[in-house]
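Enquirer: Have a look at this prediction, sequence included:
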Amino acid sequence: MVRPLFQPRSKRPSDHDLAPAAEPASSEDSPSPKPLYAVPTIKEYFQDLDEVLAVISDGPAKSFAYRRLRYLESKWNLYVLLNEYRELAEMKVRCFVS
């Protein structure tokens, strides 16, 4: 069984916790508008930082990410080699039209 690398805590702000976008204030509105998002406490910040650092320092995850990035880079290089002339032609057409 594969264990997840990151399990969020149950008390994280969700979309339902966010206040709606602030409307223009009028003189009859409440004196203090609601914040647009919840700011975490310093304790929550450091707990989240510890979780992120734990994921970063995990050996298998780091190896997988490195191999995946190398794979994606090779796919990009292949795309560039195969479509270089087509993209140059499209760029000239766009510059000519503009």
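Expert: Thanks, I have it. Numbering: from 1, shown residues only.
Enquirer: What's the separation between residue 32 and residue 47?
Expert: 28 Å (CB to CB, to the nearest Å). No exception for glycine: its C-beta is placed from N, CA and C like everyone else's.
Enquirer: Which one's more surrounded, the two?
Expert: Higher neighbour count among residue 32 and residue 47: residue 47, with 13 against 6, using other CB atoms under 10 Å.
Enquirer: element containing that one, please.
Expert: helix 42-57 (DSSP states H and E).
Enquirer: swap in residue 35?
Expert: Counting by DSSP H and E, no helix or strand carries residue 35.
Enquirer: Which stretches in this structure count as helices?
Expert: Per DSSP state H, the chain carries helices over the ranges 42-57, 59-97.
Enquirer: Redo those helices as TSV? Include mean pLDDT.
Expert: Below are these laid out as TSV (pLDDT from 0 to 100):
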stretch	mean pLDDT
helix 42-57	95
helix 59-97	90
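Enquirer: Rebuild these as a markdown table, extending it with distance to residue 36.
Expert: Formatted as a markdown table, the helices of the chain follow (distance: least, CB to CB, whole Å):
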| stretch | distance to residue 36 |
| --- | --- |
| helix 42-57 | 18 |
| helix 59-97 | 33 |
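Enquirer: ok, residue 63 to residue 57 distance?
Expert: Relative to residue 57, residue 63 is positioned 12 Å away (CB to CB).
Enquirer: Could you do residue 69 as well?
Expert: Distance, residue 69 to residue 57, by CB to CB: 17 Å.
Enquirer: again, but for residue 87
Expert: On the measure of CB to CB, residue 87 and residue 57 end up 39 Å apart.
Enquirer: now do residue 71
Expert: In terms of CB to CB, residue 71 sits 22 Å off from residue 57.
Enquirer: Equivalent analysis for residue 68, please.
Expert: Taken as CB to CB, the span from residue 68 to residue 57 is 17 Å.
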